[in-house]
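1. sequence and computational prediction follow.
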Amino acid sequence: QVQLVESGGGLVQPGGSLRLSCVASGSIFSPVAMGWYRQAPGKQRELVAAITSGITSGGITDYADSVRGRFTISRDNAKNTVYLQMNSLKPEDTAVYYCNSDWRVAGTMPWGQGTQVTVSS
């Protein structure tokens, strides 16, 4: 069974940066389009960034309007890892961040515990 483990969250001031990592156990990782999601208190989980498998071409990325130009998703299939570089963070980016397969194109795997990102002065 695939296990997803997110890390890299923390407390950061507005305008700051964080880099999140997600390591996936199991061989299913490499052919799967992956995404980063977030869920703020009282809100539904939303997909903020996605990347294709990168098997036949370089990973193609897609972003929610709210993070485009500030966040960058990338992946290293050899390490079964997907990253989210977050720059110019805003208080509204505060949420628990999760990685999983891109639910627009594939079923999701069991969710990990996520990593908390708090943007506050």
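-> That came through fine.
2. could you measure from the closest residue to Pro91 other than its chain neighbours over to Leu18?
-> Spatial nearest neighbour of Pro91, excluding adjacent residues (Cβ to Cβ, 6 or more residues apart in numbering): Val119 at 4.9 Å. C-betas here are computed from N, CA, C, even on glycine. Per Cβ to Cβ, to the nearest Å, Val119 is found 9 Å from Leu18.
3. quickly list what's touching both of these two.
-> Common contact partners of Val119 and Leu18 (Cβ atoms under 8 Å, 6 or more residues apart in numbering): Val12, Leu89.
4. show the contacting residues for Tyr63.
-> Residues near Tyr63 by Cβ under 8 Å, 6+ apart: Val48, Ala49, Ala50, Gly69, Phe71, Ile73.
5. rerun at 7 Å
-> Val48, Ala49, Phe71 (Cβ atoms under 7 Å, 6 or more residues apart in numbering).
6. can I get the residues you listed in TSV including distance to Tyr83?
-> As requested, the contacts of Tyr63 are arranged in TSV below (distance: Cβ to Cβ, whole Å):
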residue	distance to Tyr83
Val48	13
Ala49	10
Phe71	10
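7. I appreciate the help and will end here.
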